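Participant: no letters, just coordinates:
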């Protein structure tokens, strides 16, 4: 039996990955708060709670929770509609309570119905979005804030790309290239890979800071301005800290709009969390399974705590979870370390964090995005055939063009279409021409015959000519829908007699109940015309 690691052993093993996630999460927390129209520190509070509270309760070993890009539009609309962030915090509390209820009624089981090709498509789509959203930061063009899930929010703007190419900041580009070089070296050079306590992301961040400071000291035009650095609020007094934290206005509970916003957040956040948990479990090299009902409870408690102390609502987030898995996380200790580092650094060294170039963090995320959307994944699904590839690539395209939930919905719809199409093809169908040429007709039914097969079977039976001989074989069939069974009975007992059709029914059970239906009536099919 494998010996479990001690608490301190878990901390030591997962500190490097926790540090990487902290570096990735810091600008995202701030950017999502900005995108949501909320106070800057609300995103950091959400990240801290996601790491420490949800990380402690959840049994997911890879997933990392925090403020989610998928909720920005909902949060922004709700804050604008309610007119005050303090009122909106009540909606976050309501969302947390609803998620707790969903966890207790075991609603997490819905995650079992997400097909693998859609989950993999979601990961690849998010990988492409990460790459597209980080390219501007990598080039020193930070006009766009973090938080958007799609590059087509206001339509595809080719002028934006022209502006991007004309606004490349050479210093940022150099730092990006050096950072990518460091990260690749840490991934591929065995000696460096073994240095677990010195992760490549930290080395890249330190190198980025030192390079930019050197540019500044030398008066070089390569120096990166503050607009291209991490923008963390720097409180100088205790009063400044108090002003950064917003408490909920509990009068919001009397406003029906607050309840509506809370219910909307609960549903969207729960679905996004379940999707991300499925994805995170697939990223886990040990293939451990997360208790999704416990996860909903953890998210509910997390959103309650976050909203009570002025934080944004949160979900399990694929970007942070992917960075966590790629950095070698082995347990949920990594997520907790990231939350702890957010707390300590925000309280003690925000001025130092504000020296980090966004170009360095973009380099980290560019490699994360590539690993999620690498060409080998597309080739894998191509090799599996169109029934796997088309839903996969449709999910990818839809997520990039719209957002996560819409993209997954489109992918699921296409997957269901192919499932239904495949199910209908399993029904036995013969054209009139083939039936006319046949001496004897055998219809061998599939293992499961549902109402979806009714039309094809009905068309085949309709094409049976008078004075024919037909065998309907159900020897390997375990389930037949009652309406299909009735249709076969009507054909055998009525039309076959009228048109002198010789019918032999093989393997049919004696009742609907034998075919696992809930019907009370027992219809026995016994007709066989004498030769």
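Facilitator: Good, I have the coordinates. Worth saying up front: this structure is predicted, and the values here are computed from it rather than measured. Residues are numbered from 1 along each chain as shown.

Participant: so for residue 160, what's the pLDDT?
Facilitator: In this model, residue 160 is scored at 60, pLDDT.

Participant: make that residue 458, sorry
Facilitator: The model reports residue 458 with a pLDDT of 82.

Participant: run a quick neighbour tally on it.
Facilitator: Per other Cβ atoms under 10 Å, the neighbour tally for residue 458 reads 17. The way it works is simple: take the backbone N, C-alpha and C, and place the C-beta from them, glycine included.

Participant: repeat that for residue 288.
Facilitator: 13.

Participant: list the contacts of it.
Facilitator: 61, 281 (Cβ atoms under 8 Å, 6 or more residues apart in numbering).

Participant: would you agree it falls within a strand?
Facilitator: No. Counting by DSSP: H, G, I helix; E, B strand; the rest coil, residue 288 is not found in a strand; it is coil.

Participant: all the helices of the stretch 101-250 of the chain, in order from the start?
Facilitator: Ranges of helices in the stretch 101-250 of the chain, per DSSP state H, counting those that start in this stretch, are 116-139, 158-166, 170-188, 190-193, 200-217, 238-244.

Participant: ranking those helices by burial, who's on top?
Facilitator: Of the helices of the stretch 101-250 of the chain, the one with the most neighbours on average (mean count of other Cβ atoms under 10 Å) is helix 116-139, at a mean of 23.

Participant: check which helices and strands that helix is in contact with.
Facilitator: Taking 3 or more Cβ pairs under 8 Å, 6 or more residues apart in numbering; DSSP states H and E as contact, the helices and strands that helix 116-139 lies on are helix 158-166, helix 170-188, helix 256-283, helix 318-326, helix 358-372, helix 375-383, helix 386-401, helix 404-425.

Participant: any buried residues in the third one, and which?
Facilitator: Meaning helix 256-283. Neighbour-count burial for helix 256-283 flags 258-259, 261-262, 264-281, 283 (criterion: 16 or more other Cβ atoms under 10 Å).

Participant: now do stretch 291-298
Facilitator: Along stretch 291-298, these residues count as buried under the neighbour rule (16+ other Cβ under 10 Å): 292, 293, 295, 296, 297, 298.

Participant: show me those residues that map onto strands.
Facilitator: Counting by DSSP state E, no part of the buried residues of stretch 291-298 is found in strands.

Participant: okay if I get those as a markdown table plus distance to residue 134 and pLDDT?
Facilitator: Output for these, formatted as a markdown table (distance: Cβ to Cβ, whole Å; pLDDT from 0 to 100):
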| residue | distance to residue 134 | pLDDT |
| --- | --- | --- |
| 292 | 30 | 93 |
| 293 | 35 | 94 |
| 295 | 28 | 96 |
| 296 | 31 | 96 |
| 297 | 34 | 97 |
| 298 | 29 | 97 |
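
Participant: could you dump those residues into TSV and include distance to residue 315?
Facilitator: Formatted as TSV, the buried residues of stretch 291-298 follow (distance: Cβ to Cβ, whole Å):
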residue	distance to residue 315
292	13
293	16
295	10
296	11
297	14
298	11
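
Participant: residue contacts, residue 369?
Facilitator: Neighbouring residues of residue 369 by Cβ under 8 Å, 6+ apart: 126, 127, 128, 129, 130, 131, 134.
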